[in-house]
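Undergrad: Mind looking at a prediction? Sequence and model below.
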Amino acid sequence: MKKTLRIIALLLVLTVVLCACGSKEENTAFSHSKPYDENGYWKDLKASEYVELPDLSTVKINKADMDEQIAMFLAYYPDTKEIYDRAVIDDDSLNIDYVGKVDGVEFEGGSTEGKGTTVTIGVTNYIDGFLPQLVGHFPGETFDINVTFPEGYQNADLAGKAAVFTIKINYIVEYELPEWNDEFVKNNLSANYGWQTAAEAEDSIKAVIAEDFVLANAKFVKDVPQEMIDYLTDLRLNYYQGYAAGSNVEINSFLQYYKIADSVEDFREKYKPEALEGAKFNLIYQAMAEAAGYTVSDDEVKQYFMDLNDTDDYTEYEKAFGLPYIKAVIMYEKMSNKLVETAINNGNTK
């Protein structure tokens, strides 16, 4: 099953939504299916009246685009290598231990206690002059450096005082891009995206490239309906409320704890840009479905759940979310897959 990054982000893939909510308390005041008709289309809304689609024959996915996107994922999870045979240079990352003293006496919080810490020269925020003094020294070397705490230092007892730090450089850290393969995807990306193989990840990356083209070239001739933005905001909020209820936590406390927002009202304000993007994609995919005359059949619903759970019994899901919502999810995914296939046929990913 192909899952696009944006559909996952908008909670429009049942593998994410249902698994997350299945063991959580439902917000009975929220209806997933309320805005959709029996075909999974937005009620009383013709998407083609809001958006003019670009010529899909011009959508392309090239190898260079794929390589760029994959490199971004690899850069988040680099392999590390410990280096012992050269001197430290500017911009190096290195693992060090240190003990700090003021007037010959160690002070609280001024030591790594032999546990080691990794710093990057020019990036890690230490006292001015601390990290630059490590340049030129070698792993295994122990030496002293001299620094002065700033006058406005947060610990008033140290503010403005000269200190001596005894430094030991354990090793230099060099980062290398790992290999893009099934193992990398499963170990690093499956938790956030649900991908188990490199091929699954590539399907989603291709979808995002194609979607970016369509969004950049689609022409919205009418304002996105506010009710779509409100619904998608409520959809995401309902997701969080399910987790909060399952943990017996009040929703505002949940949002604050996970640094999502200060309150429900604050969340609604912060989520507006993402909800607007989601609404635009809803309109784009429905416009594609309208142009193709596509509606989700009962057999397609059964097959969707066979792929999802190896059973065509979706009674539990229909009860929780309603058939219109389920059909909307399938319709969005089908149109996304169609867009990717079109873009691959137009481009060159070899």
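TA: Perfect, I can see it now. These numbers were taken from a predicted model, which means no experiment stands behind them.
Undergrad: Report the buried residues of stretch 288-297.
TA: Across stretch 288-297, burial judged by 16 or more other C-beta atoms under 10 Å covers M288, A289, E290, Y294, V296. For glycine as for every other residue, the C-beta is placed from the backbone atoms N, C-alpha and C.
Undergrad: any idea which element the residue lying closest to the first one once chain neighbours are set aside lies in?
TA: The shortest distance from M288 to any residue that is not its chain neighbour, by C-beta to C-beta, 6 or more residues apart in numbering, is 4.6 Å, and that residue is M335. Applying DSSP states H and E as the criterion places M335 in helix 323-346.
Undergrad: tell me the average confidence for that helix?
TA: In this model, helix 323-346 carries a mean pLDDT of 88.
Undergrad: now the longest strand seen in the chain, how far from the centre of its chain.
TA: Across the chain, the longest stretch assigned as strand under DSSP state E is strand 162-176. Distance of strand 162-176 from its chain centroid, counting by C-alpha atoms, centre = their mean, to the nearest Å, is 32 Å.
Undergrad: hey, where'd the helices end up in the stretch 51-200 of the chain?
TA: 63-76, 182-188, 190-193, 198-217 (DSSP state H, counting those that start in this stretch).
Undergrad: again with the stretch 251-350 of the chain
TA: Under DSSP H, counting those that start in this stretch, the stretch 251-350 of the chain gives helices at 251-257, 264-270, 272-292, 298-309, 315-321, 323-346.
Undergrad: And those helices: which comes nearest N146?
TA: Comparison of the helices of the stretch 251-350 of the chain against N146 by C-beta to C-beta identifies helix 251-257 as nearest, at 41.7 Å.
Undergrad: Buried residues, the closest one. List them.
TA: For helix 251-257, by 16+ other C-beta under 10 Å, it's I251, N252, F254, L255.
Undergrad: distance of the second one from K222?
TA: In this structure, N252 lies at 35 Å from K222, with C-beta to C-beta, to the nearest Å as the measure.
Undergrad: Same question for W180.
TA: 42 Å.
Undergrad: which regions of the stretch 201-350 of the chain sit below the pLDDT cut-off?
TA: 348-350 (pLDDT under 70).
Undergrad: Output the contacting helices and strands for the helix holding M335.
TA: The helices and strands touching helix 323-346, judged by 3 or more C-beta pairs under 8 Å, 6 or more residues apart in numbering; DSSP states H and E, are helix 5-9, helix 198-217, helix 272-292, helix 298-309.
Undergrad: domain ranges for this protein?
TA: Listed by automatic domain parsing, the domain ranges of the chain are 5-75+180-346, 79-176.
Undergrad: Could you say which of the ones you listed is packed most deeply?
TA: Mean neighbour count (mean count of other C-beta atoms under 10 Å) peaks for domain 5-75+180-346 among the domains of the chain, with a mean of 17.
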